[in-house]
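Peer 1: Next come a sequence and a model predicted from it.
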Amino acid sequence: MEEGIMQNATSSPLSVFWLSVDKIDPNPFQPRKEFADDKLQDLAQSIRRYGVLQPLVVTKKEAIADTGDMSARYELIAGERRLRASKIAGLSEVPAVIRVDVTEDNVRLELAMIENLQRDDLNPIDRARAFKRLIEEFSMTHTEVAQRMSRSREYISNSLRLLTLPEDMIQAVTDRRISEGHTRPLLMLVETPDDQRALFDEIVHRKITVRDSELIARRQAKNRARKIAHDPYVQRAQSVLEGFLETRVHIRSQGETGGKIVIDYFSGEDLESIVGKLQHAPGAEQIGSVADTSVAVSLEDGDMVGEPEDVEDEMYNFKNFSL
(Lines give C-alpha, C1' and ligand atoms only; values in the text may rest on other atoms or scores of the structure.)
Protein backbone atom coordinates (compact mmCIF):
# COMPACT_ATOMS: atom_id res chain seq x y z
CA MET A 1 0.00 0.00 0.00
CA GLU A 2 1.23 3.48 -0.79
CA GLU A 3 1.92 5.69 2.17
CA GLY A 4 -0.98 7.81 3.36
CA ILE A 5 -1.11 10.82 5.62
CA MET A 6 -2.42 10.36 9.14
CA GLN A 7 -5.13 12.74 10.28
CA ASN A 8 -3.42 15.68 11.94
CA ALA A 9 -4.58 18.97 13.41
CA THR A 10 -2.27 21.00 11.24
CA SER A 11 -0.52 20.55 7.93
CA SER A 12 3.23 20.93 8.51
CA PRO A 13 6.57 19.46 7.43
CA LEU A 14 6.25 17.18 10.48
CA SER A 15 2.98 15.58 9.38
CA VAL A 16 2.72 11.90 10.28
CA PHE A 17 2.36 9.31 7.50
CA TRP A 18 1.47 5.63 7.50
CA LEU A 19 4.33 3.74 5.83
CA SER A 20 4.67 0.10 4.88
CA VAL A 21 7.18 -1.64 7.15
CA ASP A 22 8.63 -3.35 4.07
CA LYS A 23 9.66 0.03 2.66
CA ILE A 24 11.66 1.11 5.72
CA ASP A 25 15.35 0.22 5.77
CA PRO A 26 17.47 0.19 8.97
CA ASN A 27 19.66 3.15 9.83
CA PRO A 28 23.27 2.18 8.92
CA PHE A 29 24.43 4.65 11.57
CA GLN A 30 22.33 3.17 14.38
CA PRO A 31 24.63 3.22 17.44
CA ARG A 32 22.72 0.48 19.25
CA LYS A 33 23.85 -3.02 18.40
CA GLU A 34 22.07 -4.79 21.25
CA PHE A 35 18.31 -5.39 21.17
CA ALA A 36 17.11 -7.67 24.00
CA ASP A 37 14.59 -10.21 22.68
CA ASP A 38 12.50 -10.21 25.86
CA LYS A 39 12.12 -6.41 25.79
CA LEU A 40 11.20 -6.49 22.09
CA GLN A 41 8.53 -9.08 22.85
CA ASP A 42 7.16 -6.87 25.65
CA LEU A 43 7.08 -3.88 23.31
CA ALA A 44 5.40 -5.95 20.60
CA GLN A 45 2.70 -6.99 23.07
CA SER A 46 2.13 -3.34 23.98
CA ILE A 47 1.93 -2.38 20.30
CA ARG A 48 -0.67 -5.11 19.64
CA ARG A 49 -2.79 -3.63 22.40
CA TYR A 50 -2.25 0.10 22.03
CA GLY A 51 -0.58 0.58 18.64
CA VAL A 52 2.61 2.57 17.96
CA LEU A 53 2.18 5.59 20.22
CA GLN A 54 5.29 7.47 19.06
CA PRO A 55 5.90 7.79 15.29
CA LEU A 56 9.18 6.64 13.78
CA VAL A 57 11.45 9.20 12.13
CA VAL A 58 12.62 8.44 8.59
CA THR A 59 14.16 10.14 5.58
CA LYS A 60 12.98 9.48 2.03
CA LYS A 61 15.25 8.06 -0.65
CA GLU A 62 14.70 6.97 -4.23
CA ALA A 63 15.34 3.39 -5.30
CA ILE A 64 15.03 1.48 -8.59
CA ALA A 65 12.36 -1.23 -8.49
CA ASP A 66 12.66 -4.60 -10.25
CA THR A 67 10.58 -3.17 -13.10
CA GLY A 68 13.17 -0.45 -13.66
CA ASP A 69 10.88 2.29 -12.37
CA MET A 70 11.82 4.63 -9.56
CA SER A 71 10.32 3.63 -6.24
CA ALA A 72 10.24 5.47 -2.93
CA ARG A 73 11.92 3.87 0.05
CA TYR A 74 12.65 5.20 3.49
CA GLU A 75 15.68 5.02 5.75
CA LEU A 76 15.15 4.91 9.48
CA ILE A 77 16.60 7.73 11.56
CA ALA A 78 15.06 6.93 14.94
CA GLY A 79 12.77 4.20 16.23
CA GLU A 80 14.43 0.89 15.36
CA ARG A 81 13.04 -0.85 18.46
CA ARG A 82 9.54 0.26 17.52
CA LEU A 83 10.04 -0.95 13.94
CA ARG A 84 11.34 -4.35 15.03
CA ALA A 85 8.56 -4.77 17.58
CA SER A 86 5.94 -3.71 15.02
CA LYS A 87 7.12 -6.47 12.68
CA ILE A 88 6.94 -8.99 15.55
CA ALA A 89 3.41 -7.74 16.31
CA GLY A 90 2.43 -8.37 12.68
CA LEU A 91 1.82 -4.75 11.66
CA SER A 92 2.01 -3.98 7.95
CA GLU A 93 2.19 -0.21 8.43
CA VAL A 94 3.61 2.12 11.05
CA PRO A 95 3.24 5.87 11.66
CA ALA A 96 6.32 7.90 10.73
CA VAL A 97 7.53 11.45 10.39
CA ILE A 98 9.44 12.03 7.12
CA ARG A 99 12.41 14.35 7.59
CA VAL A 100 13.46 16.07 4.38
CA ASP A 101 16.25 18.07 6.03
CA VAL A 102 18.45 15.10 7.00
CA THR A 103 20.93 14.20 4.27
CA GLU A 104 24.38 14.18 5.91
CA ASP A 105 25.63 10.97 7.51
CA ASN A 106 26.85 12.66 10.69
CA VAL A 107 23.39 14.20 11.24
CA ARG A 108 21.74 10.78 10.91
CA LEU A 109 24.17 9.29 13.40
CA GLU A 110 23.71 12.25 15.72
CA LEU A 111 19.91 12.00 15.69
CA ALA A 112 19.98 8.25 16.31
CA MET A 113 22.37 8.77 19.23
CA ILE A 114 20.31 11.55 20.74
CA GLU A 115 17.19 9.38 20.69
CA ASN A 116 18.99 6.61 22.57
CA LEU A 117 20.70 8.95 25.01
CA GLN A 118 17.41 10.65 25.83
CA ARG A 119 16.03 7.24 26.82
CA ASP A 120 19.31 6.59 28.69
CA ASP A 121 19.38 2.91 27.71
CA LEU A 122 22.25 2.89 25.22
CA ASN A 123 24.86 0.26 26.02
CA PRO A 124 27.98 2.08 27.31
CA ILE A 125 30.22 0.35 24.76
CA ASP A 126 27.88 1.20 21.86
CA ARG A 127 27.79 4.76 23.18
CA ALA A 128 31.59 4.96 23.26
CA ARG A 129 31.87 3.52 19.75
CA ALA A 130 29.32 6.03 18.46
CA PHE A 131 31.35 8.87 20.00
CA LYS A 132 34.43 7.43 18.32
CA ARG A 133 32.68 7.38 14.93
CA LEU A 134 31.67 11.01 15.25
CA ILE A 135 35.28 11.92 16.05
CA GLU A 136 37.05 9.74 13.49
CA GLU A 137 34.62 9.63 10.56
CA PHE A 138 33.27 13.16 10.78
CA SER A 139 36.34 14.97 12.16
CA MET A 140 34.53 16.24 15.24
CA THR A 141 36.46 17.23 18.36
CA HIS A 142 35.64 15.98 21.85
CA THR A 143 34.22 19.41 22.62
CA GLU A 144 31.97 19.40 19.55
CA VAL A 145 30.62 15.95 20.39
CA ALA A 146 30.02 17.06 23.98
CA GLN A 147 28.06 20.09 22.81
CA ARG A 148 25.92 18.03 20.44
CA MET A 149 25.20 15.41 23.10
CA SER A 150 24.69 17.96 25.92
CA ARG A 151 27.46 16.32 27.94
CA SER A 152 30.78 17.51 29.35
CA ARG A 153 33.97 17.10 27.33
CA GLU A 154 35.37 14.93 30.12
CA TYR A 155 32.33 12.63 29.86
CA ILE A 156 33.08 12.04 26.18
CA SER A 157 36.80 11.44 26.80
CA ASN A 158 36.16 9.08 29.68
CA SER A 159 33.54 7.13 27.72
CA LEU A 160 36.16 6.59 25.03
CA ARG A 161 38.53 5.17 27.65
CA LEU A 162 36.24 2.13 27.89
CA LEU A 163 37.47 1.13 24.43
CA THR A 164 41.05 0.91 25.73
CA LEU A 165 40.15 -2.13 27.84
CA PRO A 166 41.04 -5.60 26.52
CA GLU A 167 38.46 -6.98 24.11
CA ASP A 168 37.07 -9.62 26.48
CA MET A 169 36.47 -6.97 29.14
CA ILE A 170 34.70 -4.78 26.59
CA GLN A 171 32.51 -7.76 25.67
CA ALA A 172 31.76 -8.39 29.35
CA VAL A 173 30.41 -4.83 29.65
CA THR A 174 28.34 -5.29 26.48
CA ASP A 175 26.92 -8.58 27.79
CA ARG A 176 26.25 -6.94 31.17
CA ARG A 177 28.38 -9.52 32.97
CA ILE A 178 30.09 -6.54 34.56
CA SER A 179 28.70 -3.05 35.03
CA GLU A 180 30.07 0.21 33.70
CA GLY A 181 30.94 1.04 37.30
CA HIS A 182 33.34 -1.93 37.37
CA THR A 183 35.36 -0.41 34.53
CA ARG A 184 36.67 2.39 36.78
CA PRO A 185 38.83 0.14 38.98
CA LEU A 186 39.88 -1.86 35.92
CA LEU A 187 41.07 1.32 34.20
CA MET A 188 42.96 2.29 37.36
CA LEU A 189 45.15 -0.76 36.76
CA VAL A 190 45.88 -0.14 33.08
CA GLU A 191 49.63 0.07 33.78
CA THR A 192 49.68 -3.36 35.43
CA PRO A 193 47.89 -5.80 33.09
CA ASP A 194 48.39 -8.77 35.42
CA ASP A 195 46.67 -6.97 38.29
CA GLN A 196 43.96 -5.78 35.92
CA ARG A 197 43.35 -9.33 34.72
CA ALA A 198 43.24 -10.70 38.26
CA LEU A 199 40.69 -8.08 39.30
CA PHE A 200 38.55 -8.75 36.23
CA ASP A 201 38.46 -12.47 37.09
CA GLU A 202 37.40 -11.59 40.64
CA ILE A 203 34.58 -9.39 39.36
CA VAL A 204 33.28 -12.01 36.92
CA HIS A 205 33.65 -15.17 38.97
CA ARG A 206 33.12 -13.93 42.52
CA LYS A 207 30.58 -11.23 41.57
CA ILE A 208 32.28 -8.66 43.79
CA THR A 209 30.70 -5.21 44.04
CA VAL A 210 31.96 -2.00 42.45
CA ARG A 211 33.00 -0.72 45.87
CA ASP A 212 35.01 -3.85 46.69
CA SER A 213 36.60 -3.67 43.23
CA GLU A 214 37.66 -0.07 43.90
CA LEU A 215 39.20 -1.02 47.26
CA ILE A 216 41.23 -3.78 45.60
CA ALA A 217 42.36 -1.50 42.76
CA ARG A 218 43.40 1.30 45.14
CA ARG A 219 45.33 -1.13 47.33
CA GLN A 220 47.18 -2.50 44.30
CA ALA A 221 47.85 1.03 43.03
CA LYS A 222 49.26 2.07 46.41
CA ASN A 223 51.50 -0.97 46.52
CA ARG A 224 52.78 -0.10 43.06
CA ALA A 225 53.41 3.48 44.14
CA ARG A 226 55.44 2.34 47.14
CA LYS A 227 57.67 0.31 44.87
CA ILE A 228 58.17 3.25 42.50
CA ALA A 229 58.93 5.98 45.00
CA HIS A 230 59.67 5.81 48.72
CA ASP A 231 60.77 9.43 49.02
CA PRO A 232 58.03 11.41 50.89
CA TYR A 233 59.05 14.61 49.08
CA VAL A 234 58.59 12.94 45.68
CA GLN A 235 55.17 11.61 46.67
CA ARG A 236 54.15 15.06 47.92
CA ALA A 237 55.34 16.71 44.70
CA GLN A 238 53.39 14.17 42.68
CA SER A 239 50.22 14.91 44.67
CA VAL A 240 50.64 18.69 44.21
CA LEU A 241 51.12 18.33 40.45
CA GLU A 242 48.08 16.05 40.13
CA GLY A 243 45.93 18.58 41.95
CA PHE A 244 47.17 21.47 39.83
CA LEU A 245 46.98 19.76 36.42
CA GLU A 246 43.85 17.70 37.20
CA THR A 247 45.27 14.51 35.76
CA ARG A 248 47.53 11.68 36.84
CA VAL A 249 51.20 12.52 37.25
CA HIS A 250 53.99 10.00 37.74
CA ILE A 251 57.34 11.03 39.18
CA ARG A 252 59.87 8.31 38.52
CA SER A 253 62.76 9.11 40.77
CA GLN A 254 66.25 7.83 40.02
CA GLY A 255 67.77 9.11 43.24
CA GLU A 256 70.48 11.74 43.03
CA THR A 257 70.78 11.31 39.27
CA GLY A 258 67.37 12.90 38.66
CA GLY A 259 64.29 11.22 37.25
CA LYS A 260 61.32 11.70 34.97
CA ILE A 261 57.90 13.37 35.28
CA VAL A 262 55.13 11.73 33.23
CA ILE A 263 51.84 13.60 32.74
CA ASP A 264 48.92 11.56 31.42
CA TYR A 265 46.52 13.02 28.85
CA PHE A 266 43.85 11.57 26.57
CA SER A 267 43.47 13.89 23.60
CA GLY A 268 44.91 16.95 21.91
CA GLU A 269 42.40 19.08 23.78
CA ASP A 270 43.59 17.65 27.08
CA LEU A 271 47.16 18.47 26.12
CA GLU A 272 46.15 22.05 25.32
CA SER A 273 44.46 22.28 28.73
CA ILE A 274 47.55 21.02 30.57
CA VAL A 275 49.90 23.35 28.72
CA GLY A 276 47.47 26.21 29.36
CA LYS A 277 47.70 25.57 33.10
CA LEU A 278 51.49 25.53 32.88
CA GLN A 279 51.50 28.77 30.92
CA HIS A 280 49.45 30.53 33.59
CA ALA A 281 51.32 29.11 36.56
CA PRO A 282 53.27 31.62 38.71
CA GLY A 283 56.69 32.26 37.23
CA ALA A 284 55.75 30.72 33.86
CA GLU A 285 55.69 33.96 31.87
CA GLN A 286 58.46 32.70 29.60
CA ILE A 287 56.47 29.65 28.45
CA GLY A 288 55.15 30.27 24.94
CA SER A 289 52.37 28.68 22.93
CA VAL A 290 52.01 24.94 22.40
CA ALA A 291 53.77 25.25 19.07
CA ASP A 292 56.99 26.67 20.53
CA THR A 293 56.86 25.31 24.08
CA SER A 294 59.61 23.05 25.35
CA VAL A 295 58.43 21.58 28.66
CA ALA A 296 60.66 19.16 30.54
CA VAL A 297 57.99 16.49 30.97
CA SER A 298 57.07 13.30 29.19
CA LEU A 299 53.46 13.12 27.94
CA GLU A 300 51.78 9.76 27.57
CA ASP A 301 48.41 9.36 25.84
CA GLY A 302 45.65 7.40 27.48
CA ASP A 303 44.36 8.66 30.86
CA MET A 304 41.42 10.66 32.03
CA VAL A 305 41.36 14.37 32.80
CA GLY A 306 39.07 16.97 34.21
CA GLU A 307 36.39 16.94 36.86
CA PRO A 308 32.94 15.48 36.06
CA GLU A 309 29.68 17.36 35.93
CA ASP A 310 27.25 14.59 36.89
CA VAL A 311 27.00 11.27 38.68
CA GLU A 312 28.10 9.24 35.68
CA ASP A 313 31.22 11.36 35.30
CA GLU A 314 32.05 10.79 38.97
CA MET A 315 32.99 7.24 37.99
CA TYR A 316 36.10 8.69 36.39
CA ASN A 317 36.85 11.58 38.75
CA PHE A 318 40.60 12.06 38.75
CA LYS A 319 40.50 12.22 42.54
CA ASN A 320 39.64 8.54 42.58
CA PHE A 321 42.94 7.82 40.88
CA SER A 322 45.18 9.65 43.36
CA LEU A 323 47.81 7.38 44.86
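Peer 2: Thanks, I have the structure now.
Peer 1: Near T141, how many other residues are there?
Peer 2: Other residues near T141 number 15, with proximity taken as other C-beta atoms under 10 Å. (C-beta placed from N, C-alpha, C; glycine too.)
Peer 1: hmm, I was thinking of P193
Peer 2: 10.
Peer 1: same question, E80
Peer 2: By the criterion of other C-beta under 10 Å, E80 has 19 neighbours.
Peer 1: S267 too?
Peer 2: Neighbour count for S267, taken as other C-beta under 10 Å: 19.
Peer 1: do the same with L241
Peer 2: 17.
Peer 1: Shouldn't it be within a strand?
Peer 2: No - using DSSP: H, G, I helix; E, B strand; the rest coil, the assignment for L241 is helix, not a strand.
Peer 1: per-residue confidence for it?
Peer 2: For L241, the model assigns a pLDDT of 88.
Peer 1: Enumerate every residue touching it.
Peer 2: L241 sits next to 249, 251, 261, 263 when contact means C-beta atoms under 8 Å, 6 or more residues apart in numbering.
Peer 1: bridging residues for the first one?
Peer 2: Beta-bridge partners recorded for V249 (DSSP bridges): I263.
Peer 1: how many neighbours does it have?
Peer 2: For V249, the neighbour count with other C-beta under 10 Å is 22.
Peer 1: Distance check, it against Y155.
Peer 2: From V249 across to Y155, the span is 22 Å (C-beta to C-beta, to the nearest Å).
Peer 1: backbone phi and psi for the closest residue to D22 other than its chain neighbours, please?
Peer 2: Counting by C-beta to C-beta, 6 or more residues apart in numbering, D22 lies nearest to S92, which is 7.9 Å off, once chain neighbours are set aside. Backbone geometry at S92, expressed as degrees, to the nearest 10, gives phi -100, psi -20.
Peer 1: Kindly report the same for the one 5 residues further on.
Peer 2: Per-residue torsions, V97: phi -100, psi 130 (degrees, to the nearest 10).
Peer 1: Equivalent analysis for R73, please.
Peer 2: Dihedral angles (degrees, to the nearest 10) for R73: phi -130, psi 170.
Peer 1: now I98
Peer 2: Per-residue torsions, I98: phi -100, psi 110 (degrees, to the nearest 10).
Peer 1: Please consider this matter closed, and thank you.
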